[in-house]
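Participant: Have a look at this fold, sequence not included:
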(Lines give C-alpha, C1' and ligand atoms only; values in the text may rest on other atoms or scores of the structure.)
Protein backbone atom coordinates (compact mmCIF):
# COMPACT_ATOMS: atom_id res chain seq x y z
CA UNK A 1 0.00 0.00 0.00
CA UNK A 2 1.39 3.36 -1.00
CA UNK A 3 2.07 5.56 2.01
CA UNK A 4 1.00 9.18 2.30
CA UNK A 5 4.65 10.11 2.23
CA UNK A 6 5.13 8.30 -1.05
CA UNK A 7 2.05 9.94 -2.49
CA UNK A 8 3.22 13.40 -1.45
CA UNK A 9 6.66 12.70 -2.87
CA UNK A 10 5.18 11.55 -6.15
CA UNK A 11 3.10 14.69 -6.46
CA UNK A 12 6.13 16.82 -5.68
CA UNK A 13 8.10 15.12 -8.45
CA UNK A 14 5.46 15.39 -11.16
CA UNK A 15 6.84 18.56 -12.71
CA UNK A 16 10.31 17.04 -12.85
CA UNK A 17 8.94 13.86 -14.38
CA UNK A 18 7.18 15.89 -17.04
CA UNK A 19 10.26 17.97 -17.78
CA UNK A 20 12.36 14.83 -18.17
CA UNK A 21 9.69 13.16 -20.30
CA UNK A 22 9.29 16.15 -22.62
CA UNK A 23 13.05 16.36 -22.96
CA UNK A 24 13.20 12.69 -23.94
CA UNK A 25 10.22 12.59 -26.31
CA UNK A 26 10.17 16.12 -27.68
CA UNK A 27 6.39 15.96 -27.60
CA UNK A 28 4.29 17.18 -24.70
CA UNK A 29 1.40 14.89 -25.51
CA UNK A 30 3.55 11.78 -25.65
CA UNK A 31 5.37 12.94 -22.54
CA UNK A 32 2.16 13.12 -20.56
CA UNK A 33 1.22 9.58 -21.56
CA UNK A 34 4.68 8.54 -20.47
CA UNK A 35 4.30 10.30 -17.13
CA UNK A 36 0.95 8.63 -16.56
CA UNK A 37 2.42 5.21 -17.31
CA UNK A 38 5.28 5.98 -14.94
CA UNK A 39 2.89 6.99 -12.16
CA UNK A 40 0.92 3.76 -12.51
CA UNK A 41 4.07 1.66 -12.32
CA UNK A 42 5.47 3.68 -9.43
CA UNK A 43 2.23 3.36 -7.50
CA UNK A 44 2.05 -0.37 -8.07
CA UNK A 45 5.65 -0.83 -6.98
CA UNK A 46 5.80 1.71 -4.19
CA UNK A 47 6.91 -0.91 -1.67
CA UNK A 48 10.10 -1.35 -3.71
CA UNK A 49 11.13 2.24 -3.19
CA UNK A 50 13.69 2.57 -0.43
CA UNK A 51 12.90 5.53 1.81
CA UNK A 52 15.92 7.75 2.23
CA UNK A 53 17.07 7.28 -1.36
CA UNK A 54 16.26 9.71 -4.13
CA UNK A 55 12.64 9.40 -5.21
CA UNK A 56 13.45 11.47 -8.30
CA UNK A 57 16.14 9.02 -9.39
CA UNK A 58 13.80 6.09 -8.77
CA UNK A 59 10.99 7.68 -10.77
CA UNK A 60 13.35 8.72 -13.58
CA UNK A 61 14.48 5.10 -13.82
CA UNK A 62 10.91 3.91 -14.29
CA UNK A 63 10.14 6.65 -16.78
CA UNK A 64 13.26 6.00 -18.79
CA UNK A 65 12.70 2.24 -18.91
CA UNK A 66 9.12 2.79 -19.97
CA UNK A 67 10.20 5.19 -22.67
CA UNK A 68 12.74 2.81 -24.14
CA UNK A 69 10.41 -0.16 -24.07
CA UNK A 70 7.19 1.49 -25.26
CA UNK A 71 7.54 4.94 -26.72
CA UNK A 72 10.80 5.18 -28.47
CA UNK A 73 10.63 6.15 -32.10
CA UNK A 74 13.17 5.29 -34.69
CA UNK A 75 15.15 7.99 -36.39
CA UNK A 76 16.52 11.21 -35.14
CA UNK A 77 14.24 13.71 -36.81
CA UNK A 78 13.01 16.61 -34.74
CA UNK A 79 9.78 15.48 -33.17
CA UNK A 80 7.56 18.45 -32.85
CA UNK A 81 4.13 17.01 -33.42
CA UNK A 82 2.21 19.35 -31.16
CA UNK A 83 4.36 22.37 -31.70
CA UNK A 84 4.50 23.39 -28.05
CA UNK A 85 8.10 22.42 -27.52
CA UNK A 86 10.58 23.77 -30.00
CA UNK A 87 8.97 26.67 -31.74
CA UNK A 88 10.94 27.42 -34.82
CA UNK A 89 14.45 27.63 -36.06
CA UNK A 90 15.41 31.23 -36.20
CA UNK A 91 19.05 32.02 -36.59
CA UNK A 92 19.93 35.57 -35.86
CA UNK A 93 23.00 37.02 -37.47
CA UNK A 94 24.27 38.70 -34.35
CA UNK A 95 23.75 36.24 -31.57
CA UNK A 96 25.42 37.05 -28.31
CA UNK A 97 26.81 34.42 -26.00
CA UNK A 98 23.37 33.70 -24.54
CA UNK A 99 21.78 31.05 -26.71
CA UNK A 100 18.27 31.41 -27.99
CA UNK A 101 16.04 28.87 -26.24
CA UNK A 102 14.19 27.83 -29.39
CA UNK A 103 17.48 27.28 -31.24
CA UNK A 104 18.85 25.40 -28.28
CA UNK A 105 15.84 23.09 -28.19
CA UNK A 106 16.09 22.28 -31.86
CA UNK A 107 19.72 21.32 -31.34
CA UNK A 108 18.91 19.34 -28.19
CA UNK A 109 16.26 17.38 -30.09
CA UNK A 110 18.85 16.44 -32.70
CA UNK A 111 21.11 14.78 -30.17
CA UNK A 112 20.98 11.03 -29.72
CA UNK A 113 18.75 9.92 -26.86
CA UNK A 114 21.79 8.65 -25.03
CA UNK A 115 23.34 12.10 -25.09
CA UNK A 116 20.18 14.05 -24.45
CA UNK A 117 19.18 12.07 -21.40
CA UNK A 118 22.51 12.48 -19.62
CA UNK A 119 22.62 16.21 -20.27
CA UNK A 120 19.14 16.60 -18.82
CA UNK A 121 19.78 14.36 -15.84
CA UNK A 122 23.13 15.78 -14.84
CA UNK A 123 23.00 19.27 -16.33
CA UNK A 124 19.45 20.26 -15.48
CA UNK A 125 17.46 17.96 -13.21
CA UNK A 126 19.89 18.05 -10.32
CA UNK A 127 20.75 14.35 -10.32
CA UNK A 128 24.33 13.37 -9.53
CA UNK A 129 26.64 11.54 -11.92
CA UNK A 130 26.29 8.54 -9.63
CA UNK A 131 22.50 8.60 -9.80
CA UNK A 132 22.55 9.03 -13.57
CA UNK A 133 24.94 6.08 -13.83
CA UNK A 134 22.60 3.93 -11.80
CA UNK A 135 19.57 5.01 -13.84
CA UNK A 136 21.31 4.18 -17.11
CA UNK A 137 22.96 1.04 -15.77
CA UNK A 138 26.48 2.12 -16.73
CA UNK A 139 29.66 3.21 -14.95
CA UNK A 140 30.05 6.74 -13.63
CA UNK A 141 32.97 7.27 -16.01
CA UNK A 142 30.72 6.42 -18.92
CA UNK A 143 28.22 9.06 -17.83
CA UNK A 144 31.00 11.62 -17.56
CA UNK A 145 32.28 10.87 -21.03
CA UNK A 146 28.76 10.92 -22.44
CA UNK A 147 28.17 14.33 -20.91
CA UNK A 148 31.39 15.59 -22.47
CA UNK A 149 30.50 14.18 -25.84
CA UNK A 150 26.96 15.45 -25.65
CA UNK A 151 28.12 18.97 -24.86
CA UNK A 152 30.60 18.87 -27.70
CA UNK A 153 27.95 17.63 -30.10
CA UNK A 154 25.53 20.32 -28.98
CA UNK A 155 28.16 22.99 -29.47
CA UNK A 156 28.71 21.60 -32.94
CA UNK A 157 25.00 21.61 -33.75
CA UNK A 158 24.74 25.16 -32.50
CA UNK A 159 27.78 26.22 -34.48
CA UNK A 160 29.65 27.43 -31.40
CA UNK A 161 32.65 25.16 -31.43
CA UNK A 162 34.81 28.16 -30.73
CA UNK A 163 33.83 31.33 -28.97
CA UNK A 164 34.58 33.49 -32.02
CA UNK A 165 32.21 31.40 -34.03
CA UNK A 166 29.00 32.12 -32.18
CA UNK A 167 26.53 32.54 -34.94
CA UNK A 168 24.90 30.60 -37.74
CA UNK A 169 27.98 29.36 -39.57
CA UNK A 170 27.45 25.64 -40.13
CA UNK A 171 30.82 24.87 -41.70
CA UNK A 172 32.35 23.82 -38.45
CA UNK A 173 34.50 20.75 -38.07
CA UNK A 174 33.26 17.86 -36.01
CA UNK A 175 34.32 18.97 -32.58
CA UNK A 176 34.46 15.44 -31.22
CA UNK A 177 37.75 14.90 -32.97
CA UNK A 178 39.40 18.15 -32.01
CA UNK A 179 42.29 17.78 -29.66
CA UNK A 180 42.97 20.26 -26.87
CA UNK A 181 45.76 21.62 -29.04
CA UNK A 182 43.29 22.34 -31.82
CA UNK A 183 41.05 24.11 -29.39
CA UNK A 184 43.90 26.20 -28.11
CA UNK A 185 44.72 27.33 -31.65
CA UNK A 186 41.26 28.61 -32.48
CA UNK B 1 46.56 3.10 -49.34
CA UNK B 2 45.83 5.68 -46.65
CA UNK B 3 45.43 4.97 -43.01
CA UNK B 4 42.11 3.90 -41.72
CA UNK B 5 40.77 5.70 -38.68
CA UNK B 6 41.11 2.92 -36.13
CA UNK B 7 38.97 4.25 -33.33
CA UNK B 8 35.84 5.99 -34.44
CA UNK B 9 33.24 5.93 -31.72
CA UNK B 10 33.97 2.59 -30.19
CA UNK B 11 35.62 3.36 -26.88
CA UNK B 12 33.75 6.39 -25.72
CA UNK B 13 35.44 6.44 -22.33
CA UNK B 14 38.88 6.85 -23.79
CA UNK B 15 38.02 9.34 -26.51
CA UNK B 16 35.96 11.61 -24.34
CA UNK B 17 38.97 12.61 -22.32
CA UNK B 18 40.20 14.44 -25.43
CA UNK B 19 37.19 16.67 -25.70
CA UNK B 20 37.82 20.02 -24.12
CA UNK B 21 35.29 22.71 -24.78
CA UNK B 22 36.00 26.32 -24.09
CA UNK B 23 34.67 27.08 -20.57
CA UNK B 24 32.52 29.89 -22.00
CA UNK B 25 30.85 27.44 -24.36
CA UNK B 26 30.36 24.97 -21.53
CA UNK B 27 28.80 27.73 -19.49
CA UNK B 28 26.50 28.82 -22.31
CA UNK B 29 25.33 25.23 -22.77
CA UNK B 30 24.88 24.74 -19.04
CA UNK B 31 22.76 27.86 -18.77
CA UNK B 32 20.67 26.90 -21.75
CA UNK B 33 20.06 23.42 -20.35
CA UNK B 34 18.79 24.91 -17.13
CA UNK B 35 16.68 27.49 -18.97
CA UNK B 36 15.14 24.70 -21.07
CA UNK B 37 14.40 22.55 -18.03
CA UNK B 38 13.21 25.34 -15.75
CA UNK B 39 10.81 26.49 -18.43
CA UNK B 40 9.30 22.99 -18.50
CA UNK B 41 9.25 22.70 -14.71
CA UNK B 42 7.24 25.87 -14.42
CA UNK B 43 4.42 24.58 -16.58
CA UNK B 44 1.39 23.75 -14.43
CA UNK B 45 0.88 20.06 -13.80
CA UNK B 46 -2.26 18.90 -15.63
CA UNK B 47 -5.22 17.88 -13.48
CA UNK B 48 -5.32 14.45 -15.07
CA UNK B 49 -2.38 13.37 -12.94
CA UNK B 50 -3.96 14.41 -9.66
CA UNK B 51 -7.23 12.81 -10.76
CA UNK B 52 -5.33 9.61 -11.52
CA UNK B 53 -3.72 9.60 -8.09
CA UNK B 54 -7.06 10.15 -6.41
CA UNK B 55 -8.46 7.20 -8.35
CA UNK B 56 -5.53 4.99 -7.40
CA UNK B 57 -6.02 5.89 -3.77
CA UNK B 58 -9.74 5.26 -3.87
CA UNK B 59 -9.15 1.88 -5.47
CA UNK B 60 -6.57 1.01 -2.87
CA UNK B 61 -8.97 1.86 -0.08
CA UNK B 62 -11.69 -0.28 -1.64
CA UNK B 63 -9.40 -3.23 -2.24
CA UNK B 64 -7.45 -2.79 0.96
CA UNK B 65 -9.20 -3.08 4.28
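Facilitator: Structure received. Owing to the predicted nature of the structure, the values given are computational and were not obtained by experimental measurement.
Participant: mind checking how far residue B:50 is from chain A?
Facilitator: 7 Å (Cβ to the nearest Cβ, to the nearest Å). Quick note: C-beta positions are derived from backbone N, CA and C, even for glycine.
Participant: Give the full set of residues in contact with that residue.
Facilitator: Residues in contact with residue B:50, defined by Cβ atoms under 8 Å, 6 or more residues apart in numbering or on different chains, are residue A:11.
Participant: By mean pLDDT, point me to the weakest helix or strand of chain A.
Facilitator: Lowest mean confidence among the helices and strands of chain A (mean pLDDT, DSSP states H and E): helix A:180-185, at a mean of 47.
Participant: Could I get the full set of helices for chain B?
Facilitator: In chain B, the helices defined using DSSP state H lie at B:12-16, B:23-41, B:47-63.
Participant: How is chain A divided into domains?
Facilitator: Listed domain ranges for chain A are A:1-73, A:92-186 (source: automatic domain parsing).
Participant: same for the helix or strand hosting residue A:40, what does it pack against?
Facilitator: Using DSSP states H and E, residue A:40 sits within helix A:28-44. If you count contacts as 3 or more Cβ pairs under 8 Å, 6 or more residues apart in numbering or on different chains; DSSP states H and E, helix A:28-44 packs onto helix A:4-25, helix A:55-66, helix B:47-63.
Participant: same thing but at 6 Å, please
Facilitator: Applying 3 or more Cβ pairs under 6 Å, 6 or more residues apart in numbering or on different chains; DSSP states H and E, we find helix A:28-44 packed against helix A:4-25, helix A:55-66.
Participant: would you list the ones you listed in TSV and tack on mean neighbour count and mean pLDDT?
Facilitator: As requested, the helices and strands packed on helix A:28-44 are exported to TSV (neighbours: other Cβ atoms under 10 Å in any protein chain shown; pLDDT from 0 to 100):
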stretch	mean neighbour count	mean pLDDT
helix A:4-25	20	95
helix A:55-66	21	97
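Participant: Of all these, which one is nearest residue A:115?
Facilitator: Among these, the nearest to residue A:115 by Cβ to Cβ is helix A:4-25 (11.5 Å).
Participant: relative orientation of that closest one and helix A:28-44 in degrees?
Facilitator: Put simply, helix A:4-25 runs at 150 degrees to helix A:28-44, going by axes from the mean of the first three to the mean of the last three Cα atoms, to 10 degrees.
Participant: So what touches helix A:4-25?
Facilitator: Outside of helix A:4-25, the residues within contact range by Cβ atoms under 6 Å, 6 or more residues apart in numbering or on different chains are A:28, A:31, A:34-35, A:46, A:55-56, A:59-60, A:63, A:67, A:120, B:37, B:40-41, B:45, B:49.
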